[in-house]
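Trainee: dropping the sequence and predicted coords here.
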Amino acid sequence: MTCERLHVTIEGRVQGVGFRYAAYYQAAALKIGGWVRNLNDGRVEAEFEGPRDALEQMLDWCWIGPASAHVSRVEAEWQAIDAASKRGFVIRD
């Protein structure tokens, strides 16, 4: 299976609305690995690893987020990798 890495930064009302926890559950549902964290400037940063189709679904979700979020911008960077790491998905401080 070909895997890729997707690095995103998400802007808008994305902190204080449960974005990281919702991303955690969405990543688990899609069976992808990676991490998510809040940035000091009010954005959320995340990195996801897995099959392209699952990552595309995660990217679509990032534009929506949890119900109380309001996403104004998502910057995405794709990277080919040999294989996704065996780690799960974590919320970073």
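Mentor: Received, thanks.
Trainee: find the centremost residue of this protein, please.
Mentor: In the chain, the C-alpha closest to the average C-alpha coordinate belongs to Ala46, at a distance of 4.5 Å (C-alpha atoms, centre = their mean).
Trainee: could you look up the SS state of that one?
Mentor: Per DSSP: H, G, I helix; E, B strand; the rest coil, the secondary structure class of Ala46 is strand.
Trainee: so which residues of this protein form strands?
Mentor: Counting by DSSP state E, the segments of the chain that form strands are 3-13, 33-38, 44-50, 70-81, 89-91.
Trainee: switch those strands over to JSON lines; also include distance to Gln26 and mean pLDDT.
Mentor: Heads up, the C-betas are built off the backbone N, CA and C, glycines and all. Formatted as JSON lines, the strands of the chain follow (distance: least, C-beta to C-beta, whole Å; pLDDT from 0 to 100):
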{"stretch": "strand 3-13", "distance to Gln26": "12", "mean pLDDT": "96"}
{"stretch": "strand 33-38", "distance to Gln26": "10", "mean pLDDT": "97"}
{"stretch": "strand 44-50", "distance to Gln26": "10", "mean pLDDT": "97"}
{"stretch": "strand 70-81", "distance to Gln26": "13", "mean pLDDT": "96"}
{"stretch": "strand 89-91", "distance to Gln26": "9", "mean pLDDT": "92"}
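Trainee: what distance do you get for Ala28 to Arg43?
Mentor: As judged by C-beta to C-beta, to the nearest Å, Ala28 and Arg43 stand 22 Å apart.
Trainee: the two: which is more packed in?
Mentor: The neighbour comparison of Ala28 against Arg43 (other C-beta atoms under 10 Å) goes to Arg43, with 18 against 12.
Trainee: and the gap between that one and Thr9?
Mentor: When Arg43 is compared with Thr9 (using C-beta to C-beta), they lie 5 Å apart.
Trainee: and Glu77, by the same measure?
Mentor: For Glu77, the distance to Thr9 (C-beta to C-beta) stands at 9 Å.
Trainee: looking at those two, which is more packed in?
Mentor: Higher neighbour count among Glu77 and Thr9: Thr9, with 17 against 10, using other C-beta under 10 Å.
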